[in-house]
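*Asks:* after the sequence you'll find the predicted model.
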Amino acid sequence: MAERSNGSKPRRLGALLGGALREHLGLALFVAIYAATAAIVAEAVGRSVNFTMAAKAGLLATMVLAVFVPAMVALQLVRLRRTAPRTSPTRHLLNQSIAYVTEARRLAGGLVFLAIFTVFMLSFSTLKDAIPSLNPFSWDIAFRDLDNWMFFGVPPWKLSFAVFGSGFATFVLNLFYNAWFFVLYILVLWIAFVANDRRFRLQFLYAYFLVWAVGGNLLAAVFSSAGPVYFARLGLGPDFEPQMTALNAIAETWPIWALDTQEALWSAYSNGAGAISGISAMPSMHVASAFLFMLAGYRIDRRLGHALAFFAGVIVIGSVHLGWHYFADALLGMAVTLAAWAAAAFLARWDCRRIEAAEIATCGASPTGETVLQLR
């Protein structure tokens, strides 16, 4: 009996991972083609795979995961508190919550996705690094002119500084802008590990990959631009020097982390290597992904959608205010997200039919229609 039990565990683990891989097969094939493309492009332009950025992203993901898992346990404790027995309720709640978090099928699906996600982000960073070699920055003047035209001759950053020009407001904008990284990882982990509606889950994950691949790589290469912060350094004129002077003056009193990051990126671009690298302004991936968060948020819960809509609005303002982007970058970012969301809906429906045909699971909207993201 012992031998049979020991032998069944590897078989069960293999079955779980195999089922999870089949469920993510469409995503895995997409990322495999994407990774191959990244390797070919990197070889063609004489660049190496960007393991440094991937390592930093992995470290940040680990930090977020360290907060995410206890948060899942805490939420389960809250959800189950009414059903706890009168005897040893704390022990019961804790055991039930830990059992939820460590559920084998949930872990298998989440871990398979994380492996695919890691390969994707490594490929994305590699392709982003190659953009200046594929197509040197050439669209900054056009986007500056487009911004001025849209705002009747007034540069958008001047409007931003008229409202948010104080040191405290600029600091808050930068705080939200940096918080974007944590929101991104938390939402991706949440949907990867917690979402029960498979169609919604796959739609978000496909949309995420499409937004970054099409917007952050393809369109970024076609419309290669560096952004307002580097406008003068590219020899294009002093248009944004007053903005950068104002930001540096604020930084003497308030911590404006964007300035240090901008210097690190320029150093890596100038020297061909650095701790962080990859300058690309059009479209704004901060805005594109924040807009995706908002779309997903409204599918989960209206209140969450409102909160993420506010967050996306702050990111749009911060992207211009901090010198990262032209306002046109934000508009294209939102357009890319809408297109990706629609395409992802089609891919998710196709994937669900494939999974149903293989009798792995049942897909579709939640039975109640009230929410697409429920804790089991």
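*Replies:* Sure, I can see it. From a predicted model like this one, the values you see are computed outputs, not experimental measurements.

*Asks:* identify the residue spatially nearest to residue 184, adjacent ones excluded.
*Replies:* residue 289 (6.1 Å; Cβ to Cβ, 6 or more residues apart in numbering). C-beta here means a position set from N, CA and C on the backbone, and glycine is covered the same way.

*Asks:* list the contacts for the one you found?
*Replies:* 180, 184, 208, 211-212, 337 (Cβ atoms under 8 Å, 6 or more residues apart in numbering).

*Asks:* of the residues you listed, closest to residue 24?
*Replies:* residue 208 (13.0 Å; Cβ to Cβ).

*Asks:* which helix or strand contains that closest one?
*Replies:* helix 198-210 (DSSP states H and E).

*Asks:* where does pLDDT dip in the protein?
*Replies:* Of all residues in the chain, those with pLDDT under 70 make up the ranges 1-17, 19, 48-104, 106, 195, 273-275, 357-376.

*Asks:* just the helices in the stretch 101-250 of the chain please.
*Replies:* Assigned by DSSP state H, counting those that start in this stretch, the stretch 101-250 of the chain shows helices spanning 104-134, 140-150, 156-164, 167-193, 198-210, 220-222, 241-251.

*Asks:* gap between the residue nearest to residue 184 and residue 186?
*Replies:* From residue 289 across to residue 186, the span is 12 Å (Cβ to Cβ, to the nearest Å).

*Asks:* sorry, back to before: out of the helices of the stretch 101-250 of the chain, which one sits most buried?
*Replies:* The highest mean neighbour count among these, using mean count of other Cβ atoms under 10 Å, belongs to helix 198-210: a mean of 24.

*Asks:* got the angle between that helix and helix 104-134?
*Replies:* Per axes from the mean of the first three to the mean of the last three Cα atoms, to 10 degrees, the angle that helix 198-210 makes with helix 104-134 is 20 degrees.

*Asks:* quick check, distance from helix 198-210 to the centre of its chain.
*Replies:* In terms of Cα atoms, centre = their mean, to the nearest Å, the centre of helix 198-210 is found 12 Å from the chain centre.

*Asks:* mind saving the C-alpha coords of it as CSV?
*Replies:* Provided in CSV are the C-alpha atoms of helix 198-210 (Å, rounded to 0.1, in the frame of the first residue of the first chain):
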residue,chain,number,x,y,z
ARG,A,198,-11.8,30.7,-17.0
ARG,A,199,-13.0,32.7,-19.9
PHE,A,200,-12.4,36.0,-18.1
ARG,A,201,-9.1,34.7,-16.8
LEU,A,202,-7.9,33.8,-20.3
GLN,A,203,-9.2,37.0,-21.8
PHE,A,204,-7.1,39.1,-19.3
LEU,A,205,-4.0,37.0,-19.8
TYR,A,206,-4.2,37.0,-23.6
ALA,A,207,-4.9,40.8,-23.5
TYR,A,208,-1.9,41.3,-21.2
PHE,A,209,0.4,39.5,-23.6
LEU,A,210,-1.0,41.3,-26.6
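
*Asks:* which helices and strands does that helix pack with?
*Replies:* Contact partners of helix 198-210 among helices and strands, from 3 or more Cβ pairs under 8 Å, 6 or more residues apart in numbering; DSSP states H and E: helix 25-45, helix 167-193, helix 285-300, helix 327-357.

*Asks:* can I get those in CSV with distance to residue 250?
*Replies:* Formatted as CSV, those follow (distance: least, Cβ to Cβ, whole Å):
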stretch, distance to residue 250
helix 25-45, 37
helix 167-193, 5
helix 285-300, 20
helix 327-357, 21
